[in-house]
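S.K.: Generate coordinates for the sequence data below:
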Amino acid sequence: MHAALGDVARLRVVDTLRLGDASPSELSTALGMPSNLLAFHLKALESAGLITRHRSEGDGRRTYLRLVRDALDGLGLGQLSAPERVVFVSTANSARSHLAAALWRRASDIPTASAGTHPAERIDPGAVEAAGRRQLPLPRVRPQHLDEVLRDGDVVVTVCDRAHEELRPTAATRLHWSIPDPVRVGTEAAYDAAYDELAARVVDLAQRYPRAS
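M.R.: Reported below is the predicted structural model:
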């Protein structure tokens, strides 16, 4: 691991992925790094077991890179400037984004909201049940469109590949978490897996922002 991180370019890749997932093309643009050089560094990081990749649920031609959880335990986390609000976005705003916002309220005193690019009529019952199994308060509110919610000073976290890919060309999406859609699968295990992944990522991100005074 230390050998793989013994390069400034790879450290920049890892620092970027500590906040969220990204496709190789997004990393190349964000870091100003040629695609062939990035591919070389990604191969080294994958060989060291530091990152994984998986295919998008939206655009099947796209893959997302993800930092292996706990791979960098003990290396410390730098603090970020606290936003005015954190807004979690999915396509329907019926499951993942609502769960993420509820988890954020438990982890941080920074305000939060959730929204969708194509809101459903109601919160998905499976999400309600998953929150109930973990004793997580989940407000029963109407799913909202992102245009109704977003305002200046927000940090946007997409928790859905489709929403991320829809917003990517025009919206100032700051972070992306590639969380599989539990509604599509419909099983209790799928909802619990999404909940657990969101819970871990929420805690990690909340630790990067200082508490409000």
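
S.K.: And this structure, what are its domain boundaries?
M.R.: 8-67, 85-208 (automatic domain parsing).

S.K.: measure the last one end to end?
M.R.: For domain 85-208, the first-to-last residue distance is 14 Å (Cα to Cα, to the nearest Å).

S.K.: going forward, begin numbering at 36 instead of 1
M.R.: Let's use 36 as the start, then, which means that last one is domain 120-243.

S.K.: Rebuild the domains of the chain as TSV, extending it with mean neighbour count, distance to Gln114 and mean pLDDT.
M.R.: (Glycine included, C-beta is placed from N, CA and C.) Formatted as TSV, the domains of the chain follow (neighbours: other Cβ atoms under 10 Å; distance: least, Cβ to Cβ, whole Å; pLDDT from 0 to 100):
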stretch	mean neighbour count	distance to Gln114	mean pLDDT
domain 43-102	16	12	92
domain 120-243	19	6	93
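
S.K.: Make a markdown table out of those and add distance to Met36.
M.R.: Supplementary listing: the domains of the chain in a markdown table, determined by distance: least, Cβ to Cβ, whole Å:
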| stretch | distance to Met36 |
| --- | --- |
| domain 43-102 | 5 |
| domain 120-243 | 18 |
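
S.K.: most centrally placed residue in this structure?
M.R.: Trp212 (2.1 Å; Cα atoms, centre = their mean).

S.K.: Tell me who's in contact with the residue nearest to that one when sequence neighbours are not counted.
M.R.: Spatial nearest neighbour of Trp212, excluding adjacent residues (Cβ to Cβ, 6 or more residues apart in numbering): Val194 at 4.9 Å. Under the criterion of Cβ atoms under 8 Å, 6 or more residues apart in numbering, the neighbours of Val194 are Phe123, Val124, Ser125, Arg131, Ser132, Ala135, Trp212, Ile214, Leu233.
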